[in-house]
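1. Have a look; sequence and predicted model below, questions after that.
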Amino acid sequence: MTEAEPHVLYEKRDGIAYVTLNRPDKRNAFSPEMLVRLCDIWKDVAEDRDVRVALVTGAGDQAFSSGGDMGTTIPLMMRTREPVGEWEQRFAADRKQLYRAILRGADFFKPVVVAINGHALAGGAEFVLATDIRVMSSEATIGVTEVRRGLIAGGGSLVRLARQVPWAMAMELALVGEPVSAQAALAMGLINRVVPPGQVMTVAEELARKISLGAPVALAKSKEAMVRSNGLPFDEAFAIEAQCTKDNAATDDAKEGPRAFMQKRPPIFTGR
């Protein structure tokens with residue numbers, strides 16, 4: 001990567017938004033520029049009707065992300081450093097961009113697939129926990145390591161962990177702060193696939209393409225129902241599911257799908 005390259009690469013093809021953390025020489029640590037750019041990207045993903053799924057990865061093969069940059073982002077968050085330059089000033093003007101960048105409390109429900117090409121640590125692990133489908137290199141590790149730096153995993157992990165893996169596993173990850181192997185992460189249900197390093201992006205992209213075959217609103221409403229109903233009593237959860245079903249039934253795509261099936265042709269979904 002040269003100095004002129006952005007800290008996040010972004011492109012859209014065939015209904016998939018490709019997002020690449022692009023600081024391989026810094027283990028893809030979250031810089032102020034990266035976080036500000038990610039916030040702008042997620043806004044675009046949410047608003048673009050043609051985007052059905054996002055696919056996130058890190059540049060290089062050493063790290064998905066090592067979390068917040070200890071020389072810039074963390075001091076800015078702790079207010080122990082004055083912002084220098086455009087990106088730091090933009091970040092310091094709204095420090096909550098850190099949370100929006102890694103999808104803590106995201107207000108859109110398009111599916112997000114992650115290709116964990118290398119180690120995912122601290123904020124990098126928190127970013128992974130905010131995604132929906134996770135493909136991980138057999139050589140990578142994942143760890144919520146903040147306690148070993150005198151910090152806590154406040155980017156969503158302390159809420160998400162116990163909803164995604166058994167309680168004892170969640171507590172071990174959060175309190176021991178030691179990275180676990182891809183195989184261990186798979187065994188506890190934290191990720192979906194473990195593949196050889198050279199196949200991570202290929203497998204993740206295949207899953208993203210399969211997701212993109214679905215109708216955009218049906219995809220988003222399916223995720224919304226699952227996210228919003230998580231942990232609620234059945235009657236409240238079913239009410240959310242029913243509303244999402246009703247919202248989707250009102251779309252043109254909900255009519256196009258069955259019609260295309262009866263006509264023995266691929267459906268043409270428009271997101272409307």
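-> Looks like it arrived, so ask away.
2. residue contacts, the nearest residue to Ala204 once chain neighbours are set aside?
-> Ranked by Cβ to Cβ, 6 or more residues apart in numbering and with sequence neighbours excluded, the top spatial neighbour of Ala204 is Ala115, at 3.6 Å. Every C-beta, even on glycine, is put in place using the N, C-alpha and C of the backbone. Shown in contact with Ala115 (Cβ atoms under 8 Å, 6 or more residues apart in numbering): Leu55, Val56, Thr57, Phe64, Val135, Val200, Met201, Val203, Ala204, Glu205.
3. Let me know the closest of the residues you listed to Phe261.
-> Glu205 (26.3 Å; Cβ to Cβ).
4. Does Cys63 touch Ile116 like I think?
-> That one is not Cys; residue 63 is Ala. No - taking contacts as Cβ atoms under 8 Å, Ala63 lies outside contact range of Ile116: 9.6 Å.
5. Next, the nearest residue to Leu186 once chain neighbours are set aside: secondary structure please.
-> Distances taken as Cβ to Cβ, 6+ apart put Val194 closest to Leu186, at 5.0 Å, once the chain neighbours are dropped. Under DSSP: H, G, I helix; E, B strand; the rest coil, the three-state class of Val194 is strand.
6. so where's the stretch 1-150 of the chain uncertain?
-> Scanning the stretch 1-150 of the chain for pLDDT under 70 picks out 1-3.
7. just the helices in it please.
-> 32-47, 73-78, 85-92, 97-101, 123-129 (DSSP state H, counting those that start in this stretch).
8. Compute the inter-axis angle for the first one and helix 85-92.
-> In this case it means helix 32-47. Interaxial angle, helix 32-47 versus helix 85-92 (axes from the mean of the first three to the mean of the last three Cα atoms, to 10 degrees): 60 degrees.
9. still on that earlier bit, what pairs with the residue nearest to Ala204 across the strands?
-> Counting by DSSP bridges, Ala115 forms beta bridges with Thr57, Val135.
10. ok, now Ala17?
-> According to DSSP bridges, beta-bridge pairing links Ala17 with Lys12, Ala54.
11. burial measure for it, as a count.
-> Using other Cβ atoms under 10 Å, Ala17 has 23 other residues around it.
12. cool, Asp107 as well?
-> Using other Cβ under 10 Å, Asp107 has 8 neighbouring residues.
13. which ones are touching it?
-> Ala46.
14. separation between it and Val227?
-> Distance of Asp107 to Val227, given as Cβ to Cβ, to the nearest Å: 11 Å.
15. Now do the contacts for the nearest residue to Lys26 once chain neighbours are set aside.
-> Residue nearest to Lys26 in three dimensions, not counting chain neighbours: Asp69, with 6.8 Å by Cβ to Cβ, 6+ apart. When the contact criterion is Cβ under 8 Å, 6+ apart, the partners of Asp69 are Lys26, Ala29, Phe30, Ser31, Pro32.
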